[in-house]
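A.B. asks: Model the following, please.
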Amino acid sequence: MSNIAETVIDDLPVSAAEASGAIAEASSSAASAQSRGARRRGDAGRGAGGRRRTVLGKIEDIVAAESEQLPLVRTGGAVEEITTGYCRVVGLSRQVRLGDRVVFEGGGLPGEVVRIDQSGATIKPFGNQMEAGIGSGVFREGAMGVRPDHSWKGRVIDAFCRPLDAEGPLQMGAKEMPVDAPPPPALTRARVDKPLKTGVRMVDLFTPLCFGQRIGIFAGSGVGKSTLLGMLARATGFDTIVVGLVGERGREVREFLEGPLAGNRGRAVVVVSTGDESPMMRRMAPRTATAIAEYFRDCGESVLLIIDSVTRYAHAARDVALAAGEPAVARGYAPSVFSDLPRLLERAGPGVEGGGTITGVFSVLVDGDDHNDPVADNIRGTLDGHIVLDRSIADQGRYPAGNVLSSISRLATLSWTPEQRNLLRRMRAMIARYEDTRDLRLVGGYQPGLDAELDQAVALVPRIYEALRQDMDAPMSEDPFQDLANALRPG
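C.D. replies: Reported below is the predicted structural model:
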């Protein structure tokens, strides 16, 4: 016991007297815990007919059981420097790894190790304010994980899996899921081949999805991303829905729960980190949501994972990376952001052959409506398709404001029949011709009868647009091709 204590204390900036005191205290704690354990075993040996246990006796046993689970010696260091966004800790460099969680002496939210060097470790707290002071103890907790359970369905939690609703404490599961788990190996993953009906005509016609696919919804602010996400959340065929609301406005959380998600609350787990929370909490929330989705996938369930939005996760990851000393290389983003994004997104998708799937729907907030933004471009290249919402379409009052010419699903051919594929190819060409000649028609340069293809586009495309219009309260489409045929029928 003495050797263990000396090894830990040797790395801390303490005096010899303090080290001796710590060793003596640790040895005394060990002897006390052993004595309590022996006393408990002796009491148990008296049998059921023994003396009636008092309230104090029960409390003593509970305290003794908790004491045996706590480590007799904790690996720790001391705060040396404090800034508004992070603190420097000495004495932990050799005992921690990047991503480890640490706790501060005196309580409060924990922190995460974001940088390690010979002189110390940089800790980014999960709270908005640094509650520790110079010289405060900092202790290693290890890698972060969550313990989901089937009873979590219908609950609303934060990034640390603490309940935000009034339904009482959460029941922890038996299996711990790491928040930074690697995706399944590529060659063990099942193939994606089962079509998915979302009930949204624009999606089911032009960008059809499959179970296990990952799709992005790209749009600027106020164009209808959250509304479309809510419509997709109504899709049938999923056992569990996991929603990560990252950086959302506080008022929108309840609106989403009681609006789009109301019909599926019983099978949904919602992880919330609002915009007023720290970057560390906003960075943690989508990782927690993904870990929960992986748990249900490993149970063989079909899971719908919705993250709104990945861009705010990237913003939070940028703040953490800059605090760790990384340089800004692309519009203020550090290099690690562009490796963190695919690491998160790749965790969604099909599981191992014969297991469950995670169908991922990720909203992407395009800064300044610039779809060539580095984050948007990185995400677009990682996902299996993207739906682009256009502000000009939203200005016309047409929702969902999807641009069918800019949107694509890389697995669409698995959902279309050959006849449907040919039909939609001709319709895309017709819409492209209609949009390309919009300015010509506005200035009066179009004359009917001179171009048969343009005449057809002018006659049919407005009807197609009308068929794609679908409000949030509208019923789900059972057969989008039949709805389109009805809209194009003369008369």
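
A.B. asks: Could you pull up the contacting residues of Gln118?
C.D. replies: Ser93 (CB atoms under 8 Å, 6 or more residues apart in numbering). (Glycine included, C-beta is placed from N, CA and C.)

A.B. asks: residues in contact with the helix or strand hosting Ala429?
C.D. replies: Using DSSP states H and E, Ala429 maps to helix 418-436. Under the criterion CB under 8 Å, 6+ apart, residues 205-206, 404-405, 412-413, 416, 453-454, 456-458, 460-461, 464, 481 lie in contact with helix 418-436.

A.B. asks: now that helix: how far from the chain's centre is it?
C.D. replies: Centroid separation for helix 418-436 versus its chain: 36 Å, with CA atoms, centre = their mean, to the nearest Å.

A.B. asks: next one: stretch 191-201
C.D. replies: 22 Å.

A.B. asks: So the spatially most central residue of the chain: helix, strand or coil?
C.D. replies: By CA atoms, centre = their mean, the mean C-alpha position of the chain lies nearest to Pro286, the distance being 1.8 Å. What DSSP: H, G, I helix; E, B strand; the rest coil gives for Pro286 is helix.

A.B. asks: so who does Val79 touch?
C.D. replies: Contact analysis of Val79 by CB under 8 Å, 6+ apart lists Cys87, Arg88, Val89, Phe104, Ala132, Gly133, Ile134, Gly135, Ser136, Val138.

A.B. asks: what's the helix or strand for it?
C.D. replies: Per DSSP H and E: strand 76-82 holds Val79.

A.B. asks: Helix or strand next in line after that strand, which one?
C.D. replies: Scanning onward from strand 76-82 (DSSP H and E), the first element met is strand 87-90.

A.B. asks: Give the partner strands of that next one in its sheet and their orientations.
C.D. replies: Using DSSP bridges, the strands paired with strand 87-90 are strand 76-82 (antiparallel), strand 120-125 (antiparallel).

A.B. asks: got those strands as CSV, with mean pLDDT and distance to Glu176 columns?
C.D. replies: Shown next, in CSV, are these (pLDDT from 0 to 100; distance: least, CB to CB, whole Å):
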stretch, mean pLDDT, distance to Glu176
strand 76-82, 92, 23
strand 120-125, 94, 23
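
A.B. asks: what residue ranges in the stretch 51-200 of the chain are flagged as low confidence?
C.D. replies: Scanning the stretch 51-200 of the chain with the threshold set as pLDDT under 70 gives 51-53, 62-73.

A.B. asks: can you map out the helices along it?
C.D. replies: All helices of the stretch 51-200 of the chain, identified by DSSP state H, counting those that start in this stretch, fall at 55-69.

A.B. asks: quick one on the thing from earlier: what's the helix or strand just after the helix holding Ala429 in contact with?
C.D. replies: Following helix 418-436 in sequence order, the next helix or strand is helix 438-442 (DSSP H and E). Outside helix 438-442, the residues within contact range by CB under 8 Å, 6+ apart are Tyr446, Val458.

A.B. asks: swap the cut-off to 7 Å and go again
C.D. replies: For helix 438-442, contacts defined as CB atoms under 7 Å, 6 or more residues apart in numbering pick out Tyr446.

A.B. asks: That helix: what's the following helix or strand?
C.D. replies: That would be, after helix 438-442 and using DSSP H and E, helix 452-468.

A.B. asks: so which of the strands paired with strand 87-90 is the most packed in?
C.D. replies: Of all these, strand 120-125 carries the top mean neighbour count, a mean of 24, counting by mean count of other CB atoms under 10 Å.

A.B. asks: Quick one: residues contacting Val114.
C.D. replies: Contacts of Val114 (CB under 7 Å, 6+ apart): Thr122, Lys124, Val320, Ala323, Ala324.

A.B. asks: Leaving out chain neighbours, which residue sits closest to it?
C.D. replies: Leaving out its chain neighbours, the residue that sits closest to Val114 by CB to CB, 6 or more residues apart in numbering is Ala324, at 4.3 Å.

A.B. asks: Isn't the one you found up against Asp117?
C.D. replies: No: between Ala324 and Asp117 there is no contact under CB atoms under 7 Å: 10.5 Å.

A.B. asks: So if I had to pick from these two, which one is more boxed in?
C.D. replies: Neighbour count, other CB atoms under 10 Å: between Ala324 and Asp117, Ala324 has more, with 17 against 10.

A.B. asks: Quick check, pLDDT for the more buried one.
C.D. replies: As predicted, Ala324 sits at a pLDDT of 90.

A.B. asks: Buried residues in stretch 171-181, which are they?
C.D. replies: Gly173, Met177, Val179, Asp180 (16 or more other CB atoms under 10 Å).

A.B. asks: The first one contacts Ser151, correct?
C.D. replies: No: look at Gly173 against Ser151 with CB under 7 Å: they stay out of range, at 8.6 Å.

A.B. asks: Now Arg249. Nearest residue, chain neighbours left out?
C.D. replies: Nearest non-adjacent residue to Arg249 (CB to CB, 6+ apart): Gly275, at 6.3 Å.

A.B. asks: Perfect, that will be all.
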